[in-house]
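Participant: curious how this folds, go ahead:
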Amino acid sequence: MSTESTTGRADGQQHWKKIWVGSAGNMVEWFDWFVYSTFATYFASSFFPKGDETAQMLNTMGIFAVGFFMRPVGGWLLGRIGDRKGRKAALTLSVTLMSASAVLIAAAPTYAVAGYGGAAVLLVARLLQGLSVGGEYAASATYLTEASAPGRRGFASSFQYVSMTVGQIIGLGLQLVLQHTMSDGALHSWGWRIPFIVGALGAAIVFYLRRNMLETEVYEEAGADAGGTGEDRGTLGTLWKHRREAFLVMALTMGGTVAYYTYTVYLTKYLSSSAGLPKQTATLVSFCALTVFACLQPLAGALSDRIGRRPLLITFAVGSTFLTVPVMTMLRHVSGFWSALGLALLALVVVTGYTSINACVKAELFPTHIRALGVALPYALANALFGGTAEYVALWFKKAGVESGFSWYVAGCAAVSLVVYLSMRETREIDLHRVGRDTPDRERALAS
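Facilitator: Okay, the predicted model is just below:
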């Protein structure tokens, strides 16, 4: 075997190791983040007085949304650490915070035991989750993008949403197992605590893996003066110099995050409460649809490496703008598993145009010394405003008696992002080592 062949194989193994470690941590992070929503129908009554079920869900999802408003703080904190101390340091801290939040939720007292004290513990835990996930997205997006070969950034970074979706699939799979092995009363009483215990244990394992992970070569080679002095790394002042890119990240995120949360997190509850499907059937639809969705991510990411990022983003935005209202209307009137699954898959195929590549597109906009914060803060702000409130807005429309209004809201957000996608330039060919120092590279990334 030649030396070149041995070296190439070793480099390939190192590349896959980086993707695996970055993705495994992301999977656990998002498992913990999403099981709050997927199990909310079981624990909502535990923390609030008995009464209107929709009101209980509104209170519970209100706390879910509050977690999103901590994401900008987490984005700033962990983004700064990621740019100043390295991607590894930020990723390790994020999983530590997530583990602590999972333990708090698993041990939170109910309303019958501590009144609103249990809801307060739930709130604190959700705030910690917001801090963690606010930095996790950017740290993992930056890590996966920087750890990949220039011609495979779309493929490698697509594993961020693979791992996010796998985390949700595991949560749904656990829910299916619990639904079939426990009574409905037991699930509402104490069974809902099980996924949070599982999440805490998983986070502990990932903490060990991340302590031994490798830093990206792009970050290590950048040195203290790549695009600025060591004191410039990860500061708000430096980010302000790249405010055009930051606003572009927010606009890129708006339509995608609303659509993603609608067809992943909210879908199970929508099929159950609005379409009237049994909870087990609704959960199985989401489980199957998300499994296919996860498999699509690397394929779409690899496609973007060949044809560019813009065509996929535009396809997503056009599809979401014009298909959301009819798809959501038909989902509301489905009568069985297969019709619901077909419509869910149609929607998620469209959403793949955004999810498969949004991580690398955002990372490709910023120079190394501000990349983690540059992705983290504007993305977290957009998620707080649109993604985190998606379910709450949906439930508000439902309670107001105009549930169809939410479909128009999702379509409108996608339409705004479509305008941005149509006007922005391609980012596929950008050199991560030179972006920010090479004006042509930078201009190719920005709107005309």
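Participant: what's the helix or strand for residue 353?
Facilitator: Applying DSSP states H and E as the criterion places residue 353 in helix 337-355.
Participant: chain center to that helix, what's the gap?
Facilitator: Centroid separation between helix 337-355 and its chain, computed with C-alpha atoms, centre = their mean, to the nearest Å, is 17 Å.
Participant: okay, buried residues for that helix please.
Facilitator: Neighbour-count burial for helix 337-355, counted by 16 or more other C-beta atoms under 10 Å, picks out 337, 340-341, 343-355. Heads up, the C-betas are built off the backbone N, CA and C, glycines and all.
Participant: check stretch 292-303 too.
Facilitator: So for stretch 292-303, counting by 16+ other C-beta under 10 Å, buried means 293-294, 296-298, 300-301, 303.
Participant: then that stretch to PDB, C-alphas only?
Facilitator: C-alpha atoms of stretch 292-303 as PDB (Å, rounded to 0.1, in the frame of the first residue of the first chain):
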ATOM      1  CA  VAL A 292     -36.700   9.800   5.700                       C
ATOM      2  CA  PHE A 293     -36.000  13.500   6.300                       C
ATOM      3  CA  ALA A 294     -32.700  12.600   8.100                       C
ATOM      4  CA  CYS A 295     -31.600  10.400   5.200                       C
ATOM      5  CA  LEU A 296     -32.200  13.200   2.700                       C
ATOM      6  CA  GLN A 297     -29.900  15.700   4.300                       C
ATOM      7  CA  PRO A 298     -26.500  14.400   3.100                       C
ATOM      8  CA  LEU A 299     -27.900  13.800  -0.400                       C
ATOM      9  CA  ALA A 300     -29.100  17.400  -0.600                       C
ATOM     10  CA  GLY A 301     -25.900  18.700   1.000                       C
ATOM     11  CA  ALA A 302     -23.800  16.800  -1.600                       C
ATOM     12  CA  LEU A 303     -26.000  18.200  -4.300                       C
END
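Participant: what's the mean pLDDT across it?
Facilitator: Stretch 292-303 carries an average pLDDT of 95.
Participant: what does it rub up against?
Facilitator: Defining contact as C-beta atoms under 8 Å, 6 or more residues apart in numbering, one finds that stretch 292-303 is touched by 152, 154-159, 161-162, 165-166, 169, 264, 312, 345, 348-349, 351-353, 355-357, 360.
Participant: what mean pLDDT does the helix holding residue 353 get?
Facilitator: On average, helix 337-355 scores 96.
Participant: what does stretch 254-265 give?
Facilitator: pLDDT averaged over stretch 254-265 gives 91.
Participant: in PDB, could you pull the C-alpha coordinates for that stretch?
Facilitator: Taking C-alpha atoms only, stretch 254-265 is exported to PDB below (Å, rounded to 0.1, in the frame of the first residue of the first chain):
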ATOM      1  CA  MET A 254     -36.600  33.400   9.200                       C
ATOM      2  CA  GLY A 255     -38.600  31.200   6.800                       C
ATOM      3  CA  GLY A 256     -36.500  28.100   7.300                       C
ATOM      4  CA  THR A 257     -36.800  27.900  11.100                       C
ATOM      5  CA  VAL A 258     -40.600  28.500  11.100                       C
ATOM      6  CA  ALA A 259     -41.100  25.800   8.500                       C
ATOM      7  CA  TYR A 260     -38.800  23.400  10.300                       C
ATOM      8  CA  TYR A 261     -40.500  23.700  13.600                       C
ATOM      9  CA  THR A 262     -43.900  23.500  12.000                       C
ATOM     10  CA  TYR A 263     -43.300  20.200  10.300                       C
ATOM     11  CA  THR A 264     -41.100  18.600  13.000                       C
ATOM     12  CA  VAL A 265     -41.900  19.700  16.500                       C
END
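Participant: quick revisit: between the buried residues of stretch 292-303, which is closest to residue 141?
Facilitator: Residue 141 lies nearest to residue 301 out of these, by C-beta to C-beta, at 12.4 Å.
Participant: roughly how far apart are that closest one and residue 137?
Facilitator: Relative to residue 137, residue 301 is positioned 16 Å away (C-beta to C-beta, to the nearest Å).
Participant: go on, residue 102?
Facilitator: According to C-beta to C-beta, residue 102 stands 18 Å off from residue 137.
Participant: any chance of the buried residues of stretch 292-303 in a markdown table, plus secondary structure and distance to residue 383?
Facilitator: Below are those laid out as a markdown table (DSSP: H, G, I helix; E, B strand; the rest coil; distance: C-beta to C-beta, whole Å):
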| residue | secondary structure | distance to residue 383 |
| --- | --- | --- |
| 293 | helix | 19 |
| 294 | helix | 20 |
| 296 | helix | 22 |
| 297 | helix | 19 |
| 298 | helix | 23 |
| 300 | helix | 21 |
| 301 | helix | 21 |
| 303 | helix | 25 |
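Participant: and whichever strand or helix holds residue 198, what's buried?
Facilitator: Using DSSP H and E, residue 198 maps to helix 194-211. Buried residues in helix 194-211, defined by neighbour count with 16+ other C-beta under 10 Å: 194-196, 198-200, 202-203, 206-207, 209-210.
Participant: go on, stretch 397-406?
Facilitator: Within stretch 397-406, the residues scored as buried using 16+ other C-beta under 10 Å are 397-398, 403, 406.
Participant: stretch 366-375 now?
Facilitator: Under 16+ other C-beta under 10 Å, the buried positions of stretch 366-375 are 366-375.
Participant: distance from the chain centre to it, please.
Facilitator: Mean C-alpha position of stretch 366-375 versus that of the full chain (C-alpha atoms, centre = their mean) differs by 18 Å.
Participant: circling back to that earlier point, buried ones among the contacts of stretch 292-303?
Facilitator: Counted by 16+ other C-beta under 10 Å, these give 154-159, 161-162, 165-166, 169, 264, 312, 345, 348-349, 351-353, 355-357, 360 as buried.
Participant: OK, contacts around residue 354?
Facilitator: Residue 354 neighbours (C-beta under 8 Å, 6+ apart): 255-256, 259-260, 312-313, 316-317.
Participant: same check on residue 266?
Facilitator: 37, 390-391, 394.
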